[in-house]
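Enquirer: need a structure here:
(chains A, B, C and D)
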4 protein chains.
Amino acid sequence: MTDITGQNIPVHDHGFVRVIDTMGDDAAIVQAARVSYGDGTKGVSSDQGLLNYLMKHRHTSPFEMCEIKTHLKMPIFVARQWIRHRTANVNEISGRYSVLANEFYMPDTWYSQSADNKQGSGEAMGGQENVKNSYLSCMETAFGWYDLAVSSAGDPQNNMAREQARFVLPLSTYTEMYWKIDLHNLFHFIKLRSHPHAQAEIRAYADALATLVMQWCPMAYAAWVEYQQDAVTLSKSQIETLKAAVKYLELLQPAYASGDDLDSMATYLRSKAPGLPRRDRKELEELFA
Amino acid sequence: MTDITGQNIPVHDHGFVRVIDTMGDDAAIVQAARVSYGDGTKGVSSDQGLLNYLMKHRHTSPFEMCEIKTHLKMPIFVARQWIRHRTANVNEISGRYSVLANEFYMPDTWYSQSADNKQGSGEAMGGQENVKNSYLSCMETAFGWYDLAVSSAGDPQNNMAREQARFVLPLSTYTEMYWKIDLHNLFHFIKLRSHPHAQAEIRAYADALATLVMQWCPMAYAAWVEYQQDAVTLSKSQIETLKAAVKYLELLQPAYASGDDLDSMATYLRSKAPGLPRRDRKELEELFA
Amino acid sequence: MTDITGQNIPVHDHGFVRVIDTMGDDAAIVQAARVSYGDGTKGVSSDQGLLNYLMKHRHTSPFEMCEIKTHLKMPIFVARQWIRHRTANVNEISGRYSVLANEFYMPDTWYSQSADNKQGSGEAMGGQENVKNSYLSCMETAFGWYDLAVSSAGDPQNNMAREQARFVLPLSTYTEMYWKIDLHNLFHFIKLRSHPHAQAEIRAYADALATLVMQWCPMAYAAWVEYQQDAVTLSKSQIETLKAAVKYLELLQPAYASGDDLDSMATYLRSKAPGLPRRDRKELEELFA
Amino acid sequence: MTDITGQNIPVHDHGFVRVIDTMGDDAAIVQAARVSYGDGTKGVSSDQGLLNYLMKHRHTSPFEMCEIKTHLKMPIFVARQWIRHRTANVNEISGRYSVLANEFYMPDTWYSQSADNKQGSGEAMGGQENVKNSYLSCMETAFGWYDLAVSSAGDPQNNMAREQARFVLPLSTYTEMYWKIDLHNLFHFIKLRSHPHAQAEIRAYADALATLVMQWCPMAYAAWVEYQQDAVTLSKSQIETLKAAVKYLELLQPAYASGDDLDSMATYLRSKAPGLPRRDRKELEELFA
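Expert: Residues are numbered from 1 along each chain as shown, chains lettered A, B, ... in the order given. Sure thing, here's the model as predicted:
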C-alpha cells in the first residue's frame, strides 16, 4: 500500500488529477466490515478474501469508509459529465469571482461521427491540420473577446462583469475543482467513466483515478477488477441460451467420446479450474448442472 | 398499465404496503430518455426496446423520473434494515409524540440458526408451541410495562414520558411510515431485499413492492427482470473458466461429430437462439468466438 | 390550490420552466406530518398552522412528500449552477447524441463588474450596441464552426463527431433538461437562487419556480415565505447587540416618560403585535425580557 | 488545532463516541474556499474571517471538505433517530451475523410526560426505585429469553436463528456502528440533535461531537457557533414587529431626551457595538434604519 498524497497525474494538454488527501485504506475497509458482520467474517481467513466477499455480494458500505480528496483540472465539457455523479463533495472555481485562465482543450486527433454509435467517435477525419487551425481561430476569437471584456483597465464602466463576460467561453475551457468522494462511489465513477462508451476525454481521467486507487487500496482494487470492472453481467435470456448451448455440446459427446472425454461440464469445471475460488466455481457448476 | 393508487397488500400478521400516490409510468421514462438521448433513441423502434436498452446499459436517470409514495407498516427490526436505503423520503410515526399500538410481529415458524449461512435461518426448530408461548409471554411483559407506564391516569407524575417508556418495546413492535422513492432506487431496493440472503421478513415486503411495480410500470419491470433481477454477473475468472470450458467442449466435437453436429458454439448461438435480442446474442457470440 | 401541470413560464430570450407533473399538495404534507407526529399535531387546529409549525421548526421531511417534475431550458452557464443541487433527478439533453440547436443567451443589458461585490454586476456598461454586436459576432463564429463541423454532408469522413464538435460551443448555449425534485429541496433551491447575490440569470428561473409553487402549494408557500424566505437570521453577536440596544432604549424611557409611554418593550410587543402568532410573539418577548 | 484521533468520550452507561480518523482541518476548508472563490477571498484578511463569511452566507461546500470517522455505541432508540441523517456512511453491527451483547440503557432519572411539549419529558417521576426495578425486571425477561434462544448448545435444532431471536430485544439495547460524515453535515446533525427539543439521550451524543469538533476545527467551530448554533432566525412577522417596537421606542425619545440620549437606535448600534464585525453591525443598522 502506497501513500499517494501529492501524486499528480497529468491528463491531456493542461489537465491533471492530484491527490490532496486520503482517509483509510484496505485495512480500514476490513475493520469496518468486521464491526458490521462480526462473527460472520471469521470464516474468511484473509483480508483479500473478505474484500472479495464484500465486493462480490455488493456489501458496499465498508468501501464507503475510505475517502479521497483530489484537485482536478479538466475541460468544462468533461466537468459537466463529472458533476452528474451526485455523491461527492465539490468546490469548483467560480467564473463569477475569478477571471478564468486562457486555457482550452485541444484534442490530439479529430474524429468523424461514428456510423454505428450515436454517441461516439469513428475514424480520424481528413485534413487534421485544417480542422486544428480553424478550431484555434475559434478559440482566439472567444478568449480574445473575454480578455478584452474583463480587462478594460482605465475605464471602469467598460470592465465587464466577469459573470457576463464568461458567456462566450467555449466548453473546451479548462476549469478546476476540489473533489472528494468515498471509495465505493469512486469505483462506481471509474466503472462508468472508463467504459468504452464513455467519451475518450473523460476516460483518461477515469484511468488516472484507477491508477491511484490501485496504489492506495491494492486489495480492494483487485477485488473490484475481479468482481465488477472485468465481470460480465449476462441477461436472463443470455444465461438461458448459454445453458442450452452447453447442454447441447455435452449431449454431443457421450455418443462419440470415451474415457477422459466423457467429462461433463461440471466435472470439467471442478477439475480444470483449480484457480477459481471454491464458491465461484460452485456457482458455475450449479449454472451448468 | 394499471392505476395502483390505493392498492393495499397485507404483509405478515399486521403489516402492509399501501400505495398513496404515483408519478409517471413507462411512458414518462421513455419521454425523459428521448429528451436526453434525442436522436440516439431513434434507432430503437419500440418503447420496450428503449427501456431494455436503458436498463441493460445502466442509463438509470430516466427511471428516476417515476416516483411512488407508499404507506408502510412493518416491525421495527425490518424498518431498521429498510431505512438504510438513503435515497428516499420518510415520515415515520414518532414514539415520542404518540403512544405506539400494542402490535408486534409473531413469525409463523421459528427457525434454528443456519449451519452454513452466518446471517441466515436453517431448519424449523423443534417445540414450536413452547417457543411461541414463551415469546408471547415476553411480549406481554414488555407491552404490559409500556401500557402501564404511559397510562397511569390520575397521577400525572407517574404518567411516564412516552420517549422513555418506549425503551422496553421489543424490535418486533410494528411501526408505520410514509415512504417515497423513485423507480430506479426502488428497483435497487427490491433487488437487494428480495435476495435469498435477505431476511425472510423483509423479503415479503420486497415481493409486495415488486407486484405493485409490475402493474404500475410493466415494461420497465420486464426490462428490469431481464437485465437486472434475473441477470447473472460472472466474475472475471468465472468468465475465463467458462470460455475455456466451452472451448474444450468444442474441441471434442470435430474429431467425432459430423454434419449438423459440427455446429460451433457461435453457429449454435446464432441459429438456435432466435428469441434473444440481436445485440445480446452478438455479445454471447463474441464471448465464445 | 391550482393544477399547474402544463404551465409554461418563458424565461429570458429562449428559456422556460414548464411543469410536466406534480405529486402531492398542501394536504399531502399535512397528511404525512400527521402520520409522523400523530397526537402531537392535534394541538394545531388548522392545516396552515401545522405547516407553519413544521416550517418554523425545520421539520422538513413532510415537505419531501411533494414532488414536481419540470422541463427546463436554460443557458449552460445557468445549468452549471443548477446542477450543483444534488438532491434532484436530471435528464439533460446530450450533446454527444444530438446536434444542439443554434440558440444562445443574449442579455438585455451588459453590466460592468461590481466595485464592491466580487461576484456581481455593477452599473450598465457604456456602448451597449457595440458590446452586443461584438458578442453576436463571437456567437456566429462559434455556431458557424459547429454547424459546419456536424453537417459536412456528403463527406462522411468530415462529419465531425458531435462529442468533439461541441468543444467550441459557448457557455451561453441553451440546453434542456427534465428536472424532478421534492418540495423541501425546491424551497432550498429557490431560497439560494433567488438571493440578491445569485446571478440575475438564474434568479429569473428561481422566481418562475416560486410563482409555480405559490399556486401548487399555497399554504406551504406562505409558511416558507414567513419562516424562511423573508425570515432573518441574526448572529449570536447581532442578537446580543440588539438586546443591549433595546435595553438602552427602555432604560431611557422611565426617566422621561409617563402614562402610556411607560410601556416596556415586552408590553409593547404583547399589546401592539396582535397579528403575530402567539408562539412567535412569545419568542420575541423572551428575547427582550 | 488538536489531533483528536483516538479520543473516546463515554456517553451514558455503556455508550461512547470514539474518533477513528479525520481528514482535513480549518486550513483545508480555507484552501478549498480559495479554489472556489479565488480573488473573491482576497478581501478577507484572516482565515477566521473567511470561515465566518462562508458560514454566514451558507457557502457550505468548503466545510464538506473535512471528514470524520467515528466508532459509536448507543441505544437502538437513539440509533433510529441518528440514522435518519442520510448524508453519512454507516457500518452497524448486524444482529443477524452476531449475538448482541447483554447491554441496555438505564436512564439516571425517569421523567413524566411533559404537559406542554407533546414530544418531551417533564418533571421527575415519583417512585424512581420502583420504576427502575420493574424496568430491570423487564430487561431480564427480554435478555434472558434472547440468551437462552441463541445459546441452546448441544441441541442445534433449538439454537434459534439470531435474526429471529433478536425480535425480543428492547429498544434500549446498545448497538455499535462506524459512522463517517463530512463537517457540514456534522454541524447540521449537531444543531438538530443538540436542540432542547431533541431527546436528552441523543443530545448527550451531539454534545460529545461538538466537543470534538471544537478541538478538531476550532475556527470553523467558532464560526458555526456565531452564525448558526447560537444565531436566531426571526420570522418575517417577528422582524416587522421588532422594527415597529424599536421605532416606537425611538419615537418616545426625542420628546423627552436630550444630549447624548438622543442617540437613535442606528447611532447606538454604531457606537456601542464595536465588538460586532462591521458587516454584521451594518445589517442591524439597515434593519433599524
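
Enquirer: Residue A:125 against residue A:132, yeah?
Expert: No. When contacts are counted by Cβ atoms under 8 Å, residue A:125 is not listed as touching residue A:132 (10.3 Å). (Glycine included, C-beta is placed from N, CA and C.)

Enquirer: between those two, what contacts are shared?
Expert: residue A:110 (Cβ atoms under 8 Å, 6 or more residues apart in numbering or on different chains).

Enquirer: who's more crowded, the two?
Expert: Between residue A:125 and residue A:132, residue A:125 has the larger neighbour count (other Cβ atoms under 10 Å in any protein chain shown), namely 24 against 15.

Enquirer: if I pick the residue most central in space within chain A, what's in contact with it?
Expert: Nearest to the geometric centre of chain A sits residue A:190, at 1.5 Å (Cα atoms, centre = their mean). By Cβ under 8 Å, 6+ apart, the contact list for residue A:190 reads A:206, A:209, A:210, A:213, A:229.

Enquirer: Report the contact partners of the second one.
Expert: Shown in contact with residue A:209 (Cβ under 8 Å, 6+ apart): A:17, A:70, A:186, A:189, A:190.

Enquirer: Selection in ChimeraX covering whichever of those residues are buried, please.
Expert: Entered in ChimeraX, the line below selects the buried ones among the contacts of residue A:209, by 16 or more other Cβ atoms under 10 Å in any protein chain shown:
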select /A:17,70,186,189,190
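
Enquirer: which one of the contacts of residue A:209 sits closest to chain D?
Expert: Distance to chain D, by Cβ to the nearest Cβ, is smallest for residue A:70 among those, at 11.0 Å.

Enquirer: Using the three-state scheme, assign that closest one.
Expert: strand (DSSP: H, G, I helix; E, B strand; the rest coil).

Enquirer: I'd say it and residue A:18 touch.
Expert: Yes. The criterion here is Cβ under 8 Å, and residue A:70 meets it with residue A:18 at 6.2 Å.

Enquirer: on that earlier part again, and the residue nearest to the centre of chain A, what helix or strand is that in?
Expert: helix A:183-193 (DSSP states H and E).

Enquirer: What is the neighbour count of residue A:278?
Expert: 8.

Enquirer: What's the separation between it and residue A:52?
Expert: Taking Cβ to Cβ, to the nearest Å as the measure, residue A:278 falls 12 Å from residue A:52.

Enquirer: Let's see which of the contacts of residue A:190 end up in helices.
Expert: Counting by DSSP state H, the part of those found in helices is A:206, A:209, A:210, A:213.

Enquirer: I figured residue A:22 hits residue A:212, correct?
Expert: No. The criterion here is Cβ under 8 Å, and residue A:22 misses it with residue A:212 at 9.1 Å.

Enquirer: which neighbours do those two share?
Expert: Shared contacts of residue A:22 and residue A:212 (Cβ under 8 Å, 6+ apart): A:4, A:68.

Enquirer: Chain D: which of the ones in helices among the contacts of residue A:190 is nearest?
Expert: Among the ones in helices among the contacts of residue A:190, residue A:213 lies closest to chain D (Cβ to the nearest Cβ), at 16.4 Å.

Enquirer: residues in contact with that closest one?
Expert: Counting by Cβ under 8 Å, 6+ apart, residue A:213 makes contact with A:68, A:183, A:186, A:187, A:190, A:220, A:221, A:224.

Enquirer: 10 Å - rerun?
Expert: A:4, A:22, A:66, A:68, A:183, A:186, A:187, A:190, A:220, A:221, A:224 (Cβ atoms under 10 Å, 6 or more residues apart in numbering or on different chains).
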